[in-house]
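>>> below: sequence and its predicted model.
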2 protein chains.
Amino acid sequence: MAGDLAVQVPATLLHEQIGHQLCAWGMGADAAAETADVLVEADLMGIDSHGVALLTLYDDLVSTGGVVPGGQPRVARSFGATAVIDAGGALGHVPSLRAMDLAIERARAFGIGAVAVRNSNHFGAAGIYALRAARAGLIGVATTAVHKASIVPTFGRVPRLGTNPIAFAAPGRGGPAFLLDMATSTVAIGKVKLAARAGKPLPAGWALDAEGRPQTDARRAAADRLMTPLGGDRGGGGHKGYGLAAMVEVLSTLLGGASYAPLRPEGGKPNDVGHFLMALAPEAFRDAGGFEDDLDAFIACLRDTPPAAGAEAVLVAGDPEFAARAQRERDGVPVPRSLLDDLAAMAARSNAPFVLGAQAA
Amino acid sequence: MAGDLAVQVPATLLHEQIGHQLCAWGMGADAAAETADVLVEADLMGIDSHGVALLTLYDDLVSTGGVVPGGQPRVARSFGATAVIDAGGALGHVPSLRAMDLAIERARAFGIGAVAVRNSNHFGAAGIYALRAARAGLIGVATTAVHKASIVPTFGRVPRLGTNPIAFAAPGRGGPAFLLDMATSTVAIGKVKLAARAGKPLPAGWALDAEGRPQTDARRAAADRLMTPLGGDRGGGGHKGYGLAAMVEVLSTLLGGASYAPLRPEGGKPNDVGHFLMALAPEAFRDAGGFEDDLDAFIACLRDTPPAAGAEAVLVAGDPEFAARAQRERDGVPVPRSLLDDLAAMAARSNAPFVLGAQAA
């Protein structure tokens, strides 16, 4: 798209703009800063769909009452190594940071800790929370449901599950963390949108039409949002991806008592999305350093896998994100001009300062 | 195959034969009975690859020293809601039953419990352990590594991970449990063997050749055992399946200090395979019955999904297994004649009684 060249924006400036916007919607300054931390971290790690670009989704959620911007999280339940946080209808980032911090605290006391979050909303990239545990020396797990279903169960033609991601991170000693962050759909909806913009057809296994047949028309697929579970059709193992998406829903929604999107009452607001955050302390299971050394050796062995004909190298989960981070901390985050325009309009609508004007010029 | 018609064998008789065989290898009577429970349960649930048929694999493992049949599991470490069990080189079934029982006990005390098992071996079907937790009213998770790598990392041409399954079960109130039990490869190796026997080609996404290209020759694929991760190639999301298989390895092998197959010293015996068993108590997170009611409603909603053109109905993870169980408890377990012949020869070699003779006649 001619008008959609990307501009390199320093992360600090993005952070400032996100904070202004969130405060204008009614979020407190501390919560806004922490939410901006999570979004900018995703932008730095190359997860463009889950950084500043999410403000356009959040704008919708705020204006339709799905989110209570000033909602306050509180611990609603606490038992042994577990807890439940009620997010007060707020965006999910701050409640989920508190939930992971609590899971880490419990894991230090009991070897493992798990915290469910309910009455929440979109929390950005799941990997950020898992990585928070790994940076503290623990294994981290984060899953979330989504306010809207888009994955169609195997043999079905109507969506019943969100793209329900699973994130898992584990700390090494010398090397980087292992960091898996994956939607349980075959591809993210963003990839379908990219193909639609480029006018390219989709591979047969990514999306479905209204009859449950493969949809290769990218524009229609982007409009319909009928995504296959990881694996695609039954022959490709799609029932496994469907099972994983359902597992994520059980942990994220049912365990903490959030509402399951297809059964949510019509007009029920706020969205009441659920998350699940878990931490495991390696030192409960191993002598100090044993796990981290083994993780470094494991990652090295995977990275050492002889590459296939025509391939350059085998990567390990987290490699692309950490590489993007090193580059973007130096060079800034590429933001499409069309998104800068949207952010400017959004700021104007809510009387928020707009500090990216010099970038967009 | 002309000689490979299946014979219906009552589960009790299979149980008896498995017990005799395990005892002949040097396992104690109680452990043999519990191991037979796990294998027969898989047979009843239609998981033919993980029932009595596994004795042929175990015969190899025993004769090559990979397994110590009389090995005794012991709790090697215990901290808060976690523990580590050393399986003493034994087959993995009994150590994993003890591990799940301990995880359930800890989950009742702390809301969640996790137990790693090391110095173990093949434990049969992961779903059995997860279902054990669900039958006790808890959410169960079971993962295991495998003594031999067969999944090839994305962009690679050499296997680095076992078919590393994930099992997850959750209890309903009136309805059946949710039960997911899936290898993180696109398909089980057994499916490739079936295609090879039938002389059929493989779909392009299931297996690879020695250069990392799609292998559609089923016979060569069955011999090479170079399996793709769930999702197949990069475009199908195979890097996600690769990431999940690696996550399972971190939990099953690295967390408890078992050995990672590609880095295991040549000739190192026994195999030192690892597992991970976890339980979550819903009543720590919800008022009594809330989770189970929501799970029933969730399963009903999934099962109610309008079917795709040409499809009969949408299933939920566990449906095929529970249907098989109802039928096979009534009609017996179909066992191929060739397998009965193998079991007879195995019994003869180790001076075990053979009680399936009348069946094979």
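Done, it's in. Residues are numbered from 1 along each chain as shown, chains lettered A, B, ... in the order given.
>>> got any ranges where chain A has weak pLDDT?
Within chain A, the segments meeting pLDDT under 70 span A:1-3, A:360-361.
>>> show me where it has strands.
A:6-9, A:74-79, A:82-86, A:112-120, A:139-144, A:166-170, A:178-182, A:207-208, A:214-215, A:273-280, A:333-336 (DSSP state E).
>>> mean neighbour count and distance to A:G232 for those strands - can I get that in TSV?
Heads up, the C-betas are built off the backbone N, CA and C, glycines and all. Formatted as TSV, the strands of chain A follow (neighbours: other C-beta atoms under 10 Å in any protein chain shown; distance: least, C-beta to C-beta, whole Å):
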stretch	mean neighbour count	distance to A:G232
strand A:6-9	16	31
strand A:74-79	16	39
strand A:82-86	25	35
strand A:112-120	30	30
strand A:139-144	29	22
strand A:166-170	28	18
strand A:178-182	26	15
strand A:207-208	28	10
strand A:214-215	20	8
strand A:273-280	31	26
strand A:333-336	20	29
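>>> TSV for these, including distance to A:I128?
Shown next, in TSV, are the strands of chain A (distance: least, C-beta to C-beta, whole Å):
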stretch	distance to A:I128
strand A:6-9	19
strand A:74-79	21
strand A:82-86	17
strand A:112-120	14
strand A:139-144	8
strand A:166-170	8
strand A:178-182	8
strand A:207-208	27
strand A:214-215	31
strand A:273-280	11
strand A:333-336	15
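>>> so which of the ones you listed gets nearest B:H50?
Closest approach to B:H50 among the strands of chain A (C-beta to C-beta): strand A:166-170, 24.4 Å.
>>> is it possible to export the strands of chain A to CSV including distance to chain B?
Shown next, in CSV, are these (distance: least, C-beta to the nearest C-beta, whole Å):
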stretch, distance to chain B
strand A:6-9, 24
strand A:74-79, 4
strand A:82-86, 3
strand A:112-120, 5
strand A:139-144, 7
strand A:166-170, 5
strand A:178-182, 4
strand A:207-208, 8
strand A:214-215, 10
strand A:273-280, 7
strand A:333-336, 22
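>>> of all these, which one is nearest A:A29?
Of the strands of chain A, nearest to A:A29 by C-beta to C-beta is strand A:74-79, at 19.2 Å.
>>> so how far is that closest one from its chain's centroid?
Relative to its parent chain, strand A:74-79 has a centroid offset of 24 Å by C-alpha atoms, centre = their mean, to the nearest Å.
>>> can you show me the CA trace of it as PDB?
The C-alpha trace of strand A:74-79 is given here as PDB (Å, rounded to 0.1, in the frame of the first residue of the first chain):
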ATOM      1  CA  ARG A  74      -8.200  -7.300  43.400                       C
ATOM      2  CA  VAL A  75      -7.400 -10.700  44.700                       C
ATOM      3  CA  ALA A  76     -10.800 -12.400  44.900                       C
ATOM      4  CA  ARG A  77      -9.600 -15.800  46.300                       C
ATOM      5  CA  SER A  78      -6.400 -17.200  47.700                       C
ATOM      6  CA  PHE A  79      -5.700 -20.800  48.600                       C
END
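>>> okay, now the nearest residue in space to A:G274 that is not next to it in sequence: neighbour count?
By the measure of C-beta to C-beta, 6 or more residues apart in numbering or on different chains, the closest residue to A:G274 outside its immediate chain neighbours is A:A258, 2.8 Å from it. Look at A:A258: counted by other C-beta atoms under 10 Å in any protein chain shown, it has 28 neighbours.
>>> list the contacts of A:A258.
Contacts for A:A258 (C-beta atoms under 8 Å, 6 or more residues apart in numbering or on different chains) come out as A:A116, A:V117, A:R118, A:N119, A:S120, A:A145, A:S252, A:D272, A:V273, A:G274.
>>> for the fifth one, name its beta-bridge partners.
This means A:S120. Under DSSP bridges, the beta-bridge partners of A:S120 are A:V273.
>>> how about the contacts made by the residue most central in space within chain A?
In chain A, the centroid-proximal residue (C-alpha atoms, centre = their mean) is A:A125; its distance is 2.3 Å. A:A125 makes contact with A:V38, A:E41, A:A42, A:M45, A:I47, A:H50, A:A167, A:D181 under the criterion C-beta under 8 Å, 6+ apart.
>>> go again with 7 Å.
A:A42, A:I47, A:H50, A:D181 (C-beta atoms under 7 Å, 6 or more residues apart in numbering or on different chains).
>>> ok, A:G174 next?
A:D296.
>>> what's the closest of the contacts of A:A125 to chain B?
In terms of C-beta to the nearest C-beta, no member of those lies closer to chain B than A:D181, at 8.6 Å.
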